[in-house]
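>>> return atomic coordinates for the entry below.
(one chain, ligands or ions: 2)
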Amino acid sequence: MTLKGKTVFVTGASSGIGAATALAFAAEGARLLLAARRAYKLATVAAEALARGAEAVHTISLDVRDRKAVEQAIGALPAEWAEIDVLVNNAGLSRGLEKLYLGKVEDWEEMLDTNVKGLLYVTRAVVPGMVERGRGHVINLGSTAGEMTYPGGAVYCASKAAERAINDGLRQDVLGTPIRVTTVDPGMVETEFSIVRFHGDSERAANFYKGIKALTPEDVAEVIVWAASRPAHVNIARVMLTPVQQANSLLVHRES
Ligand code: NDP
Ligand code: 8X3
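Ligands and ions are numbered 1, 2, ... in the order given. So this is what the prediction gives:
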């Protein structure tokens, strides 16, 4: 399926996988609706997207945790942006790696509010239009963490296990319509993810990837664009991808 001229909405497009996904869709000639909280970063991604071939770009400064703001932002889209063909529910984060019984409640709330409730709010705002128009594709960012819980990651892993259940539930609930639903589940991808997890401690974040050739955001973006560009009758339900040095959430091989 050609992506040229399709309207693609990417949440969390200011960094990492979301930014790379925006640029990969841009190279296909898509029209890009890009959302995140950091407007200045979105502006840089938008300019690069236009340079790489995006037909048009519209940015929205949005916190997906704010249900009213999500409803308002989607509801108030200009007519030429309202018909979203592909939604990439990518906005997400991890906070902390403490043992569960020592974890910070604020970190838990931020993860669950963003990764689970934020994803639900955006989905609820966008998918009815897809069903009405009889076309659309929702691509959710899951994780190997949703399949296998690792020490210190119980709440983040729970948020990604929830993403998987929501992904599978949505696919069942749109059955009988042409809407497609996909989860893309990466292992370790070197982005701002671990810097955010460790509250800005970039040395600790860099150590997390030490001795491993991690996935790049572009590796993940390529899979997302591939899933979106399959023929209309093909639904890619789930893709899990890891660095070769990672077998699963718990087992990695580090070169010393
Ligand atoms: P980054 O930290 O690089 O990017 C996260 C993006 O999410 C940013 O654009 C950030 O934008 C946005 N975001 C965070 N909170 C909110 C919010 N409340 N409202 C709107 N946007 C928000 O991390 P990644 O690119 O690695 O992560 C992207 C997704 O991929 C996440 O869902 C993550 O769980 C998932 N993932 C990551 C893996 C990894 O190893 N890196 C592996 C598997 C899955 P801003 O701060 O400007 O709002
Ligand atoms: C991110 C992958 O293993 O760093 O979802 O938590 S991991």
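
>>> and the gap between Gly118 and ligand 1?
Separation of Gly118 from ligand 1 (C-beta to the nearest ligand atom, to the nearest Å) stands at 6 Å. (C-beta placed from N, C-alpha, C; glycine too.)

>>> doesn't Asn90 make contact with that residue?
No. Applying C-beta atoms under 8 Å, one finds Gly118 not in contact with Asn90, separated by 10.5 Å.

>>> which neighbours do those two have in common?
Contact criterion C-beta atoms under 8 Å, 6 or more residues apart in numbering; residues shared by Gly118 and Asn90: Thr11.

>>> of those two, which one has the most company?
Between Gly118 and Asn90, counting by other C-beta atoms under 10 Å, Asn90 is the more crowded of the two (30 against 24).

>>> now do the same for that one: its pLDDT.
If you check Asn90, the pLDDT there is 99.

>>> give me phi/psi at it?
Main-chain dihedrals, Asn90, degrees, to the nearest 10: phi -110, psi -30.

>>> before we move on, what about Phe9?
Torsion angles, degrees, to the nearest 10, at Phe9: phi -110, psi 120.

>>> got the contact list for Asp185?
So, once contact is read as C-beta under 8 Å, 6+ apart, Asp185 ends up touching Leu141, Gly142, Ser143, Thr144, Gly146, Glu147, Lys160, Arg164, Arg238, Val239, Met240, Leu241.

>>> reformat those as JSON lines; add distance to ligand 1.
Output for these, formatted as JSON lines (distance: C-beta to the nearest ligand atom, whole Å):
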{"residue": "Leu141", "distance to ligand 1": "4"}
{"residue": "Gly142", "distance to ligand 1": "7"}
{"residue": "Ser143", "distance to ligand 1": "4"}
{"residue": "Thr144", "distance to ligand 1": "7"}
{"residue": "Gly146", "distance to ligand 1": "9"}
{"residue": "Glu147", "distance to ligand 1": "11"}
{"residue": "Lys160", "distance to ligand 1": "7"}
{"residue": "Arg164", "distance to ligand 1": "12"}
{"residue": "Arg238", "distance to ligand 1": "13"}
{"residue": "Val239", "distance to ligand 1": "12"}
{"residue": "Met240", "distance to ligand 1": "10"}
{"residue": "Leu241", "distance to ligand 1": "9"}
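
>>> what is the nearest of these to Val105?
Using C-beta to C-beta, Lys160 is the member of those that lies nearest Val105, at 19.3 Å.

>>> and the residue in the stretch 101-250 of the chain positioned nearest to ligand 2, how many neighbours does it have?
Distances between the stretch 101-250 of the chain and ligand 2 by C-beta to the nearest ligand atom are smallest at Ser143, namely 3.2 Å. For Ser143, the count of nearby residues is 28 (other C-beta under 10 Å).

>>> separation between the closest residue in space to Asn248 that isn't next to it in sequence and ligand 1?
Spatial nearest neighbour of Asn248, excluding adjacent residues (C-beta to C-beta, 6 or more residues apart in numbering): Met148 at 5.3 Å. Using C-beta to the nearest ligand atom, one gets 12 Å for the distance from Met148 to ligand 1.

>>> okay then, goodbye and thanks.
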